[in-house]
Structures are given as C-alpha cells and as structure tokens.
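>>> output the structure for:
(2 chains)
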There are 2 protein chains.
Amino acid sequence: MNGDQRPVCVFDSGLGGLTVVRELMGAMPSENIVYLGDSARVPYGTKSLETVRRFALEDASFLVRHNPKLLVVACNTASAAAIDILRDNLDTPVVDVIRPGAKAAVDFTDGPVGVIATEATIASGAYVQAIAQYAPEREVCTASCPLLVPIVEEGRSDDDPIVLHVLGDYLGELQRFRPAALILGCTHYPLLAGAISKLMGPETELISSAKAAADQARAMLADLPVQADGAAGTLKCFTTGNPQRFAQLGQRFLGGKIDNVAFVGTDELEIR
Amino acid sequence: MNGDQRPVCVFDSGLGGLTVVRELMGAMPSENIVYLGDSARVPYGTKSLETVRRFALEDASFLVRHNPKLLVVACNTASAAAIDILRDNLDTPVVDVIRPGAKAAVDFTDGPVGVIATEATIASGAYVQAIAQYAPEREVCTASCPLLVPIVEEGRSDDDPIVLHVLGDYLGELQRFRPAALILGCTHYPLLAGAISKLMGPETELISSAKAAADQARAMLADLPVQADGAAGTLKCFTTGNPQRFAQLGQRFLGGKIDNVAFVGTDELEIR
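As a prediction, this is how the structure comes out:
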C-alpha cells in the first residue's frame, strides 16, 4: 500500500460505465473514484468517429482537472475511436475496455471468439485488431446490436419477450458460429447476460469487458505503485444531464445507491 | 406573392425533422429552407427537460444568424419542452409541431384521440394540454414509445417482425381505447405508418404532426405576408455530426436526394 489518495477517474457516454465502476469498486475498494457520464449527448455508439473523438477528448479534459492517477475509458465506443488520441494527449495513464476484454477472451480459450457491441465499435474494427494482437489467426465473428442500449435504458429485463426477440435477431449468425467465448463489448450488455447466455448455450462463456478492465486497472495501480490505502473509497459522479435522473437510473448499473451526483454543462467540458 | 426570399429555418435533434421539411417543400415549393440537425446530441426524447431546453435555444440561436422569416421547431420533444422559452427569446415567428398536430386531430374528429410520442414528449403533457385547449373534455389516451426512434434509425421497415412486436407492446392500451384519430407525435413515426395503421385498424385515422405543422407554416407566411416567389426554393442543411452520414441516411426521411450539407460543431451553437 502506498497511500496515494488521488482518484481513479472514469468516463462514459452515460450510465453504462457504472458497470465498470461496480467492478472497480469490487476489485479495489479503497480507491476514490470520480465518474463523468455524458448523459446529455448519449449515445456515442451510433455517432460518427470524429464526433466520438471530440467528445472523448472533452470528457477526459474535464476529468484531468481532478488530478487523477489513472483514467479509465469505460465506454467501448470511445475506447475504440479515441484511445490512441487520448494516450497521445494525456500525461495520465489510460485504461480502455477493448484491449482488456480481448485479452481476457483469448486467455480463457483457444477456440473461436465472438464479439457483440454497438455499431460504431464494430465498424471501428477495434476488437478484431485487439484479438489479432494477442492471438493472430484466431477465428472471430462480430455482430453489432444497435437496439440493445435503448432496450436496457428503457428498463426491459432479461425475460422480456421483446429482449429475446431482438437478441434472437442479432445473435443468429453467432449461434451458428458457436464461439467458445463471447465478449460483451458494450457496458450495457452485462444487464442482459442472462438472456444472452440462454440464447448462446452453455458452451459459450460470456466475457465482460467491464471486469477485465477493472482487473487491468488494479494491476496498473499495483505496478506503478500508486494504490490508495485505508478506509473505503468514495464515489463522486458528474453528469451532463439531470442529476436526479442519473442517481435514480444509475442504480441498476452500479448495483447500489448513488448519493453524490453533480451537474456539469457540456459547455464546461471544453478543452483547456 | 411578396418576393420575400429570406429562408424558413427548421431544426431537429437529428434526421427526423426532414419529414417536416418534406411536407414544407410540398406545401410551399418556392421557399428557401435552412435545416439544422443536431445529430451529435440526438436523441432529445430520452433527455431531461433542462437539457432539451438548452439544446433548443442553442439550435435556434444558430439558425437566427441566417435571418429567417419563420422558425419551425420540427422536433416534438423540443416543441414540448421549449416552445414558450423560444417564443420569449426570439423576434422571429415560431411554428411548433405539437399544437398543429393537436388541432388537426380535433378538427378531424369529435371522437377520442390517441397520441404516441417519445418519453420526454409524453411526460411533458404538451399534447394533452394542446388538445384540451382546442377541445376541452376530449377523451385522450397517450403512450410513450422509446424504442421506435432507434428502430427507425436502424433502418427497420414496416414489415419487420421486430417492428410489429415492439409496436404491439406499445399500442396494446391504445388498441383497446379505439381512438378515432391517432397523432404520430414524433418525426420518426411516419416511417412506420403502415405497421401502426395495420395494428390500429381502419377505424383509426393517423394524424401526422409534420403535415399539420407545414400547413400552419404556409398559412402564417400567407398571413404576414412574407411568401417567396419565383423558382423552386433551395435546401441547405447543417449537421453537428458527419455530413456524409447525414446526406446518406437523411434521404429516407426527406424522400429525396440531399446535396448541400455542412458540418457545424456543437461549440458553434453557443448563444450569442
């Protein structure tokens, strides 16, 4: 333990990144976390590469003002579009969700790997490239699932007939491909894990990018070393949308109560 | 004819407002139109009232720089949240899509009226209030349909089984209510009119807010009078997202080719 109480800063396009915060809190309960959810501009997954890059730089620029020891890009779309630009522009070490997810999948199995994610993440090819980096020649099958984010945000659950119908439509090719591991390449998808698992069958292991990213964040803090010590860490959230709505809807993603949420205008995210 | 060639300016959260532009072009082919689609921040319909108000003022503020003779708020959510603020802050006459849609419905029938729209539009109560203004005591039944916008944006068509399944889920109560008129209170919904009509049956007339708004815009220009004359008007589009993507995906909404699209950053929409 090194007593470095600087926060781990995390950003996402909205609420989904709270599934990553949940894993971070489980993996390193002493760390202080500052979270930014860009709810006013959510979703990123259907937007253009340039737009997502601009937003990711603005989000990171705001969080850097909190003096983080580590920045976690909890949004798969932002990780896919902007990770290199973020690393080039920041002095803070950065963890994304794509590479840890890809590595966790190829570490788990020598068999074929599937990936489901947003339209922008799949179109970027980021998962395919990351898997190839850790396991060249690996068979990969991907599917973009644009409706899953709004379906989760609407509050539909695993056993909703519409969830099963939409998933059946998206997963058809992956079911025939029979992957040994399926990467849930979007922060919203762990909330549909039950239904996805039911459709894919017991031969397919679901890999959560959120958990893989939290494991990598913990390893990086231990390596540097810049771990916090002492009592339970704090969670401070910022949203570009409505703080009450964030606190209320965010509970499903965090798996617990959210007390400390402040508003920040998108105009305050400008790069300084 | 009065030879006033100043443009009619139109804004929407993204592409959906092009269904209103289509009706405007049909109703007044000589008018020049300037359109702003805020694709970088789409959708508005799931966001908080304060956020939608801020975005609507910024969108209008940008368009005012083009010296419009009329401003059309093509977005139902922005109309519901921000029409009074816009009228208070602008010298330009403003047409929204809510009141014309409500009036068209009560003019069409003395029977019960249904409304489908986004979560934010329904939560605002704007359609219920507007209907009560024109026809107090009228029976009204509303349903919010959060998934329809992403479904249309994904390119799914009227006969897609998922479209029918989702619509069946949303329209259950309205089917039992048996409205004489059903207001399509979101610019995306006319693209699903075939499926909605099939589920509601021949006793229910679908009312497009887009067409009603275009009729009111034409009447206002004639009253003022500030009509353009001469040859076919032009259409100039701005998007906060990717112009190529806007031109490509926008065709389905406009029902024709889109030639003239420029990028404008959300940071350029600041209120001056």
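>>> who does whichever strand or helix holds A:Ile116 pair up with?
Using DSSP states H and E, A:Ile116 falls within strand A:113-117. If you go by DSSP bridges, strand A:113-117 pairs up with strand A:140-144 (parallel), strand A:181-185 (parallel).
>>> for those strands, which one ends up most surrounded?
strand A:181-185 (a mean of 27; mean count of other C-beta atoms under 10 Å in any protein chain shown). Placement of C-beta: from N, CA and C, glycine included.
>>> got the angle for the next helix or strand after that strand vs strand A:113-117?
Per DSSP H and E, the first helix or strand lying C-terminal to strand A:181-185 is helix A:193-200. Orientation note: helix A:193-200 sits at an angle of 130 degrees relative to strand A:113-117 (axes from the mean of the first three to the mean of the last three C-alpha atoms, to 10 degrees).
>>> dump the strands paired with strand A:113-117 into a markdown table; add mean pLDDT as well.
Converted to a markdown table, the strands paired with strand A:113-117 look like this (pLDDT from 0 to 100):
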| stretch | mean pLDDT |
| --- | --- |
| strand A:140-144 | 98 |
| strand A:181-185 | 98 |
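>>> coming back round to it: for the next helix or strand after the strand holding A:Ile116, packing partners?
Where DSSP H and E defines the elements, the next helix or strand beyond strand A:113-117 is helix A:119-124. Here helix A:119-124 touches helix A:49-64, helix A:76-89, strand A:140-144, going by 3 or more C-beta pairs under 8 Å, 6 or more residues apart in numbering or on different chains; DSSP states H and E.
>>> buried stuff in the helix or strand that contains A:Leu171?
Secondary structure from DSSP H and E places A:Leu171 in helix A:161-177. Using 16 or more other C-beta atoms under 10 Å in any protein chain shown as the test for burial, helix A:161-177 gives A:Ile162, A:Val163, A:Val166, A:Leu167, A:Asp169, A:Tyr170, A:Leu171, A:Leu174, A:Phe177.
>>> returning to that earlier point: which one of the strands paired with strand A:113-117 lies closest to B:Met220?
Closest of the strands paired with strand A:113-117 to B:Met220 is strand A:140-144, at 43.3 Å (criterion: C-beta to C-beta).
>>> what's the angle from the closest one to helix A:161-177?
160 degrees.
>>> give me the contacts around the strand holding A:Ile116.
By C-beta atoms under 8 Å, 6 or more residues apart in numbering or on different chains, the list of residues contacting strand A:113-117 from outside reads A:45, A:76-77, A:80, A:105-106, A:122, A:127-128, A:131, A:138-145, A:148, A:170-171, A:174, A:177, A:179-186, A:189, A:196, A:204.
>>> would you point out which residue is most central in chain A?
Closest to where the C-alpha atoms of chain A average out (C-alpha atoms, centre = their mean) is A:Ala74, at 3.5 Å.
>>> what's the neighbour count on the nearest residue to that residue once chain neighbours are set aside?
Excluding its sequence neighbours, the residue lying closest to A:Ala74 (C-beta to C-beta, 6 or more residues apart in numbering or on different chains) is A:Gly17, at 3.1 Å. Residues near A:Gly17, counting by other C-beta atoms under 10 Å in any protein chain shown, number 31.
>>> ditto for A:Cys145
Using other C-beta under 10 Å, A:Cys145 is surrounded by 25 other residues.
>>> chain B contacts on the stretch 51-200 of chain A?
A:51, A:54-55, A:146-147, A:149-151, A:153-154, A:161-162, A:165-166, A:169 (C-beta under 8 Å from any C-beta of the partner chain).
>>> residues near the closest residue to A:Gly101 other than its chain neighbours, how many?
Once flanking residues are discounted, A:Gly101 sits nearest to A:Ser209: 3.3 Å by C-beta to C-beta, 6+ apart. Using other C-beta under 10 Å, A:Ser209 has 32 other residues around it.
>>> where does chain A dip in pLDDT?
A:1, A:272 (pLDDT under 70).
>>> okay, now the domains of it?
A:8-96+A:212-269, A:98-209 (automatic domain parsing).
>>> before we move on, back to that, tell me what angle the strand holding A:Ile116 forms with helix A:76-89.
90 degrees.
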